[in-house]
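**Student:** need the 3D shape of this:
(one chain, ligands or ions: 1)
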Amino acid sequence: MKFTLFTLYPQMIHQAFDVGVVGQALKKGIFQLSTVNPRAWATGVHKAVDDRPFGGGDGMIMSPEVLHRSLKETLHGSTSHVIYMSPQGKTLNEKKCIELADCEHVVILSGRYGGIDQRLLNEWVDEEISIGDYVLSGGEVPALVLIDAVARKIPGVLGHQESSSRDSFARGLLEEPQFTRPWIWEGKPVPDILKSGHHEKINEWKMRMALLVTAHKRPDLLKDVPRKEIEETKKFLASLSAEEKHICGLPEGEDFFG
Ligand code: SAM
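**Tutor:** Numbering: from 1, shown residues only. Predicted coordinates for the structure are as follows:
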């Protein structure tokens, strides 16, 4: 799979993917990432890529012609899915990441200033994607978020693909709390079950904890969980000691499924 990102600030992208698990996968060629700076297609002494907005208003708008030429001459009519990172797009989620990881070539337009001329967007863009209901100064950080999240879904990118299937959202739930050594830290022990070596019981514990953490932090995600599972999880909650709840980040006295 390949990403091509159109950005005025390619240095922001390459630096970010120099590190970490996704950076390693990129170096190994498990997926490809290239950047295109539309400024290379700008003409005139100032190599301007923007202009004042028609109808007045503050700031500048990215001109359609420079971006158009850069897209046309880079893509040469090849089939690709073109995304504009935009606060006006649909918010990125797990389902969209899985869908995009299946594409052969994803092209991303990163805006700057007040955004991009609408006519260019009409001509080239298949979909607009947002990373949340707030406005950033440019599309580079949103593009980094999208590339990282999508790359994690490409087979071979994560060392242990299986572990990502337990990550938050992968099963529609949040992940259970995680612990590492020391066994007792500042007088606080890790729940006993995790030391038992009883894999079946540990998996059951992890599943119930994932349901409780989801009920506590994101109850909206529980709507498709069968009633029977909720009832079993309530029983599990009743069996926990106050200390275990505290260590697992679950507040005492909360009606998780209320
Ligand atoms: N004037 C635009 C508006 O109100 O919709 C916002 C322009 S913003 C300052 C500049 C660029 O940052 C946008 O063209 C877009 O590429 C990017 N951007 C800003 N916020 C974003 C978000 N929440 N998600 C994705 N991209 C975003």
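**Student:** identify the residue spatially nearest to Gln88, adjacent ones excluded.
**Tutor:** Glu128 (5.8 Å; CB to CB, 6 or more residues apart in numbering). Quick note: C-beta positions are derived from backbone N, CA and C, even for glycine.
**Student:** contacting residues for the one you found?
**Tutor:** Glu128 makes contact with 83-86, 88-90, 121, according to CB atoms under 8 Å, 6 or more residues apart in numbering.
**Student:** against the ligand, how distant is it?
**Tutor:** 8 Å (CB to the nearest ligand atom, to the nearest Å).
**Student:** what's the separation between that residue and Asp117?
**Tutor:** 14 Å (CB to CB, to the nearest Å).
**Student:** again with Thr35
**Tutor:** If you go by CB to CB, the gap between Thr35 and Asp117 works out to 21 Å.
**Student:** repeat that for Glu229.
**Tutor:** 50 Å.
**Student:** neighbour-wise, which of these two wins?
**Tutor:** The residue with more neighbours, out of Glu229 and Asp117, is Asp117; 19 against 13, by other CB atoms under 10 Å.
**Student:** skipping adjacent residues, who's closest to the more buried one in space?
**Tutor:** Spatial nearest neighbour of Asp117, chain neighbours left out: Pro64 (4.1 Å); criterion: CB to CB, 6+ apart.
**Student:** these two touch, right, that neighbour and Arg119?
**Tutor:** Yes. Between Pro64 and Arg119 a contact is recorded at 5.3 Å, counting by CB atoms under 8 Å.
**Student:** who has more neighbours out of the two?
**Tutor:** The residue with more neighbours, out of Pro64 and Arg119, is Pro64; 18 against 11, by other CB under 10 Å.
**Student:** next, Ala149: secondary structure please.
**Tutor:** helix (DSSP: H, G, I helix; E, B strand; the rest coil).
**Student:** ugh, typo on my part, it should be Pro87
**Tutor:** strand.
**Student:** that one and Val135 touch, don't they?
**Tutor:** Yes. Using CB under 8 Å as the test, Pro87 is close enough to Val135 to be in contact (5.0 Å).
**Student:** neighbour count winner among those two?
**Tutor:** Pro87 (17 against 10).
**Student:** just give the number of residues close to Glu200.
**Tutor:** So Glu200, with other CB under 10 Å, has 7 neighbours.
**Student:** can you name the residues of the stretch 51-200 of the chain sitting close to the ligand?
**Tutor:** Neighbours of the ligand within the stretch 51-200 of the chain, by CB under 6 Å from any ligand atom: 85-88, 110-112, 114-116, 130-132, 134-139, 142.
**Student:** closest one to Val213 out of the contacts of Glu128, please.
**Tutor:** For the contacts of Glu128, the minimum distance to Val213 (CB to CB) is 26.2 Å, reached by Lys90.
**Student:** quick one, what contacts the closest one?
**Tutor:** Lys90 neighbours (CB under 8 Å, 6+ apart): 96, 127-130.
**Student:** the residue nearest to Gln88 belongs to a helix?
**Tutor:** No. Applying three-state DSSP, one finds Glu128 to be strand, outside a helix.
**Student:** please read off the pLDDT at it from the model.
**Tutor:** Per-residue confidence (pLDDT) for Glu128: 98.
**Student:** what of the one 3 residues further on?
**Tutor:** Per-residue confidence at Ile131 stands at 98 (pLDDT).
**Student:** likewise His160?
**Tutor:** For His160, pLDDT reads 74.
**Student:** measure the closest residue to the ligand within the stretch 101-250 of the chain to Val135 for me?
**Tutor:** Using CB to the nearest ligand atom, the single residue of the stretch 101-250 of the chain nearest to the ligand is Gly111, 2.0 Å away. Remark: distance between Gly111 and Val135 (CB to CB) = 11 Å.
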